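1. Sequence below, structure please.
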Amino acid sequence: MNVGVLGLGFMGSTHLRAWLGIPGVRLCAVMDQNPKRLSGDLSDVIGNLGSGGERMDFSQVRQYLRPEEIVRDPGLDIVDICLPTNLHAPLAIEALQAGKHVLVEKPMALTGEECDRMIAAAKDAGRVLMTAQVLRFHPAYEALFALMDSGKFGPIRYAVFRRRCAAPTWGPWEFDPSQSGGGVFDLVIHDVDACLHAFGPPQAIRAGGYEAMARGIDTIVSNFEYPGFGLVLITGGWHHIGAYPFSMEYTVVADGGTAEFSTLGRPATVYWADGTQETLEGAEVDWYRAEIEYFLQCCANGSHPDRCPPEESAAAVKLTRMMLESRAKQGERIACGLTVAV
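-> A predicted model of the protein is given here:
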């Protein structure tokens with residue numbers, strides 16, 4: 001498979017490393033508006049997971065300054081879009097119409113309508129479209145989903161998904177909600193997707209929080225209402241500009257026990273109601289490589305990405321929009337009425 005990567009910032013370079021480690025993949029093209037990065041010098045790339053930039057050899061790789069040029073490159077089978085979120089939908093649709101498979105970094109797009117157009121374009125073109133919702137490939141979250149599916153955990157009574165960090169400083173576009181969606185879209189959509197995967201769409205949402213984008217603050221606390229067991233709490237966001245550390249975590253309480261995980265030193269563990277405990281997490285893997293290998297397999301087989309379907313990624317965007325609507329309306333209850341047909 002011949003691959004082109006659009007955007008060589010933090011996520012683009014992260015995806016790039018994964019692509020280069022997979023046998024049978026040929027990196028044929030890259031795109032960025034920064035000539036230094038196009039030369040292969042990614043030393044200025046920073047991110048919130050502790051990985052820095054590096055230098056790569058692009059001497060045998062086609063280099064583009066304009067995204068329209070790379071999505072039209074006839075020598076590519078796949079494009080991987082890691083550009084500002086407002087560019088996802090138009091570029092993905094053009095690439096799909098040009099006969100390419102598309103992996104698009106999260107969030108899928110800024111609106112549900114854009115997501116639906118992307119899905120329709122993929123169906124019309126007969127190509128694979130997948131959003132890089134990487135938590136679906138993270139060992140701690142995979143273990144939680146497997147525990148819930150096993151039947152051993154019992155009925156769920158309460159759940160919390162949380163994610164927070166300092167506001168990113170690697171791209172000014174992040175602070176423009178018309179390009180990024182802000183901190184809630186940038187960060188907490190991971191937890192919305194995890195909740196959606198675990199429990200399906202909620203019946204209704206209430207949310208509160210605070211936004212001061214100029215200071216890098218965009219936080220939310222959301223209650224997702226589910227008939228039968230009550231609430232799922234989804235919370236987090238950007239706390240401010242500075243050195244505040246990244247963290248992600250979950251707590252899920254069921255009749256059979258409590259499952260918990262945090263990147264702040266708490267491995268995925270289930271604390272059974274009988275007083276015993278069990279580590280959930282399996283072997284450590286590169287989650288980004290795992291997600292890309294799965295996408296590549298779907299492309300090779302021409303199969304729908306059921307493990308991370310675009311229909312659910314679109315639903316996560318729609319739910320995140322509802323969260324922001326409720327926050328703007330001082331916690332007004334928003335009925336969802338959302339179904340997901342995969």
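
2. Low-confidence ranges, the stretch 101-250 of the chain, go.
-> The stretch 101-250 of the chain contains residues with pLDDT under 70 at 170.

3. 80 - rerun?
-> Low-confidence segments of the stretch 101-250 of the chain, defined by pLDDT under 80: 169-172, 230.

4. In it, what residue spans correspond to helices?
-> Here the stretch 101-250 of the chain has its helices, by DSSP state H, counting those that start in this stretch, at 112-125, 139-150, 177-180, 182-183, 189-199.

5. Now do the contacts for the one residue sitting closest to the centre of the chain.
-> Note on the chain: the residue nearest the mean C-alpha position is residue 133, at 3.2 Å, using Cα atoms, centre = their mean. Applying Cβ atoms under 8 Å, 6 or more residues apart in numbering to residue 133 gives the contacts 106, 190, 193, 291, 308, 313, 316. Where C-beta positions appear, they are placed from N, C-alpha and C, glycine not excepted.

6. Just to be sure, the last one is in a strand?
-> No: secondary structure assignment places residue 316 outside any strand; it is helix (DSSP: H, G, I helix; E, B strand; the rest coil).

7. hang on, the earlier thing: out of the helices of the stretch 101-250 of the chain, indicate the one that is most buried.
-> Greatest average neighbour count among the helices of the stretch 101-250 of the chain goes to helix 182-183 (a mean of 26), per mean count of other Cβ atoms under 10 Å.

8. Quick one: distance of that helix to the chain centre.
-> Centroid displacement of helix 182-183 relative to its chain, using Cα atoms, centre = their mean, to the nearest Å, is 13 Å.

9. what's that helix packed up against?
-> On a contact count with 3 or more Cβ pairs under 8 Å, 6 or more residues apart in numbering; DSSP states H and E, helix 182-183 meets strand 217-226, strand 230-238.

10. Got the domain ranges for this structure?
-> The record's domain parsing of the chain by automatic domain parsing lists 2-131, 135-288+317-335.

11. could I get those as JSON lines with distance to residue 341?
-> Formatted as JSON lines, the domains of the chain follow (distance: least, Cβ to Cβ, whole Å):
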{"stretch": "domain 2-131", "distance to residue 341": "10"}
{"stretch": "domain 135-288+317-335", "distance to residue 341": "11"}
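
12. I appreciate the help and will end here.
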